[in-house]
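Engineer: below is the sequence, then the predicted model.
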Protein chains: 2
Amino acid sequence: MSKPSLARGTRDFGPAQMNKRNYIFDTIRRVFQRYGFQPLETPSIENLSVLMGKYGDEGDQLLFKILNSGNFIEKVTETDLQEGYKKMTLKVSEKGLRYDLTVPFARYVVMNRSDLVMPFKRYQIQPVWRADRPQRGRYREFYQCDADVVGTDSLVCEAEIVLMIHEVLRGLGVENFTVKINNRKILSGIAEVIGAPGQEGPMCVAIDKLDKIGKEKVEEELASRGFSAETIAKLQPIYELTNDQSTIFERLKAWLADSEIGTKGVTELEDVWNKVTHFGLNAPQMELDVTLARGLSYYTGAIFEVKANGVQMGSISGGGRYDNLTGTFGMPGLSGVGISFGVDRIYDVMEELQLFPENQSVSTQVMITNFDAAAEAHGLGVLRQLREAGINAELYPDASKLKKQFDYADRKRIPYVLIIGSEEIQTGTYSLKNMHSGEQQKLDLASILALFA
Amino acid sequence: MSKPSLARGTRDFGPAQMNKRNYIFDTIRRVFQRYGFQPLETPSIENLSVLMGKYGDEGDQLLFKILNSGNFIEKVTETDLQEGYKKMTLKVSEKGLRYDLTVPFARYVVMNRSDLVMPFKRYQIQPVWRADRPQRGRYREFYQCDADVVGTDSLVCEAEIVLMIHEVLRGLGVENFTVKINNRKILSGIAEVIGAPGQEGPMCVAIDKLDKIGKEKVEEELASRGFSAETIAKLQPIYELTNDQSTIFERLKAWLADSEIGTKGVTELEDVWNKVTHFGLNAPQMELDVTLARGLSYYTGAIFEVKANGVQMGSISGGGRYDNLTGTFGMPGLSGVGISFGVDRIYDVMEELQLFPENQSVSTQVMITNFDAAAEAHGLGVLRQLREAGINAELYPDASKLKKQFDYADRKRIPYVLIIGSEEIQTGTYSLKNMHSGEQQKLDLASILALFA
């Protein structure tokens, strides 16, 4: 006999949590569909040849790897054993668990390129796995909700992403948020005009820490990363640009006037801004943040990140444009742009702000009591009619004490209890108890059905 | 650069398949909810201590095991290496992938026993993984859709399962099916009256093959399994009982009159039958099949199996009552009954019988053309109004040739295309093309919104 336990970093989702999570998933899914995105699901298990080398060395370490079936040690030689586990890994394991939804999506696009209608707009809502050290808010199994468009570089897609973020969050009641937006080309331009062309990578690593460590420490880090005093001095405008959004485009254009790529980045962002305006979005919650980088690795154009304001929480959504998603699988030059919603964080924000509606749960609406065999038999017929009318209903399965039955309804938050005893059977008039108010009324079946219609 | 491939026995589900699969999932989920079942999700990754020993030796072999992170070979000794891979497995792996939804459910019930409202009715729709040899219709990753009630032995639950099966399949348009039903106690009774008490296990293994190998071979197998000629002779009624359903209960009662447990089994089944009648189910498609065993392992009462008639396909649903689901985790005596729907098989049946509705897909309803920057800007405003009215809509993102845009709409099966050019912007009257009929009409936005309302 084993004492049951959950694997570290994993969670069960009971009915109450599931109903809340589904409320989030359903809202996101509805918005994705409204915008013309179509569903895709890829397998949890992928060949390691698909996954390895796509997430950097650290990512390779964090992949959950599946032990080969049967005699997994067969191919391991004496030399392998001496050289240590790293080299041995690929001899005992050929498959791994999905680490994100992006790489499997790229694999799918490449494998189905001849059948796909381009531009291809897909959404994908599935769990991913990472062998990270579990901590508060960080799990080894968690859901991602992604939407991507590939096969077009139209900035309409960027504008639609801004719209979708607004629709999802406002749809969930999260009203106070900021969509931060930047463009990789602006970062490249900044690196150029300060005299460190191509160095936007290390520049962003340092700048990214501004909120946490302050300007002075950022400048120390830049120096330690080889930025000269002159380039650091020229970088000054970056710290103030974001403060005044009303003039940011002009100031940015002036600063980057000598950089072709930087100017292109500003133009692109301004175009996205205009498109959002053409959409007529009500009170856009956008902010151009020139320090936003999000790791930078594969973004080539727009970069998005969403913060919920007034709560202690990292970004709840992020994404951007990439130009070489499928290049690693031999299909270069496919441009795309995507967004990912972090359901676990959105869930925590909504809990903290008490944004879940009282009755968002799809649960039983009516419970029928069970007095005895005769009442049960009669109740089954009533039950069927309730269900046929689209009402979620159940009959208490045993002729237990009434207190126990009411307790069940109460704890399951069933709003109505229908009492059927011998008198009710004879008259065809049932007592319907409102569990919230305690009120009880006598009604025939037609009136009861009408009540829930 | 790696050539992308799918792991063996796994599948991608593109938009067309996803829409069909979601149609099945949504139907099943709606029925589960209508009957008062609540959602549960458990992690894909479980500790091997939870999974091992629950599915027999073969099951243990078929579990996908996850390689420990970091230096997985550390704990393996020279002796382990010599003794072979089987003993080594638990030293290099502590976790595995969910093999079914039943064992994780049992773990959940035991770990949350003090918080659960009993009887606990849960449904669970999640993938499971088995390292089986892939073949036609058998995958290494596939979904299960389970509903179980634990904490009551009321036969109302069995009757509800029969109802749910009817509602799911009829809801999907699968009209021609048979719900086979049996009871473990009847099988125990049969073993008793033929003079082989306790031998219902081997008896059923042989009887299960009746369809495939015929009566003669079944009797040979019974003999080889140690059944005497006398017991085999006494087993004769089993082959004919099922043929006449109208008198089966009487004949079965007479046959099993001397067996207490057998008589109890018949009484239980008859009670379920009566409850189904009390429900008023229209033309029940039930059949008492005394040869039905379904592996027997943990069933203690009712046994269910559903066949789609007129197609070559194994059972599409199955389940039964068990009394010791949680015993293995230290919580004995909890009775429950459950049903599982095989989505992959139901999908194949529906494809073969062409039962998927034409427009079951939630996809884009209107596409707006993209002529030039001015038309695009105007289109974005129209687009937003369509979406606000609940219409799934998209704007073609580039000002490509109109033929290409129409081709996109056609291939994505978008039923309407809204044409916006300079004239349309001036007049506020747009051309709406019905892609199915080819018809085109000029309408203002209000009329278009009304058309989709």
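Structural biologist: Perfect, thanks for sending it.

Engineer: around chain B, pick out the residues from the stretch 201-350 of chain A.
Structural biologist: A:Asn274, A:Lys275, A:His278, A:Phe279, A:Gly280, A:Leu281, A:Thr328, A:Phe329, A:Gly330 (CB under 8 Å from any CB of the partner chain). Every residue, glycine included, has its C-beta placed from N, CA and C.

Engineer: repeat that with 6 Å
Structural biologist: Proximity of the stretch 201-350 of chain A to chain B (CB under 6 Å from any CB of the partner chain) is limited to residues A:His278, A:Phe279, A:Gly280, A:Phe329, A:Gly330.

Engineer: B:Ile190: which of the residues you listed is nearest?
Structural biologist: Nearest to B:Ile190 among these: A:Phe329, at 58.9 Å, using CB to CB.

Engineer: thinking that closest one is in contact with A:Met111, fair?
Structural biologist: No - applying CB atoms under 6 Å, one finds A:Phe329 not in contact with A:Met111, separated by 8.2 Å.

Engineer: residues that sit against both of the two, list them.
Structural biologist: Shared contacts of A:Phe329 and A:Met111, defined by CB atoms under 6 Å, 6 or more residues apart in numbering or on different chains, comprise B:Pro4.

Engineer: settle it for me: which of those two has more neighbours?
Structural biologist: Counting neighbours by other CB atoms under 10 Å in any protein chain shown for A:Phe329 and for A:Met111 shows that A:Phe329 has the greater number, 22 against 17.

Engineer: show the pLDDT at the more buried one.
Structural biologist: pLDDT recorded at A:Phe329 is 92.

Engineer: show me what contacts it?
Structural biologist: Contact analysis of A:Phe329 by CB under 6 Å, 6+ apart lists A:Val110, B:Pro4.

Engineer: go again using 7 Å as the cut-off
Structural biologist: A:Ala106, A:Arg107, A:Val110, B:Ser2, B:Pro4 (CB atoms under 7 Å, 6 or more residues apart in numbering or on different chains).

Engineer: please apply the same query to A:Ile66.
Structural biologist: A:Ile66 touches A:Ile45, A:Ser93, A:Lys95, A:Gly96, B:Phe64, B:Lys65, B:Ile66, B:Leu67, counting by CB under 7 Å, 6+ apart.

Engineer: how about 6 Å then?
Structural biologist: Shown in contact with A:Ile66 (CB under 6 Å, 6+ apart): A:Ser93, A:Lys95, B:Phe64, B:Ile66.

Engineer: pull the distance from the strand or helix carrying it to the chain's centre.
Structural biologist: According to DSSP states H and E, A:Ile66 maps onto strand A:65-67. What separates the centre of strand A:65-67 from the centre of its chain is 26 Å, taken as CA atoms, centre = their mean, to the nearest Å.

Engineer: possible to save the contacts of A:Ile66 as JSON lines with pLDDT and distance to B:Asp80?
Structural biologist: Below are the contacts of A:Ile66 laid out as JSON lines (pLDDT from 0 to 100; distance: CB to CB, whole Å):
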{"residue": "A:Ser93", "pLDDT": "94", "distance to B:Asp80": "18"}
{"residue": "A:Lys95", "pLDDT": "97", "distance to B:Asp80": "23"}
{"residue": "B:Phe64", "pLDDT": "97", "distance to B:Asp80": "21"}
{"residue": "B:Ile66", "pLDDT": "97", "distance to B:Asp80": "19"}
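
Engineer: can you list the weak-confidence ranges in the stretch 351-453 of chain A?
Structural biologist: The model of the stretch 351-453 of chain A has pLDDT under 70 over residues A:359-362.
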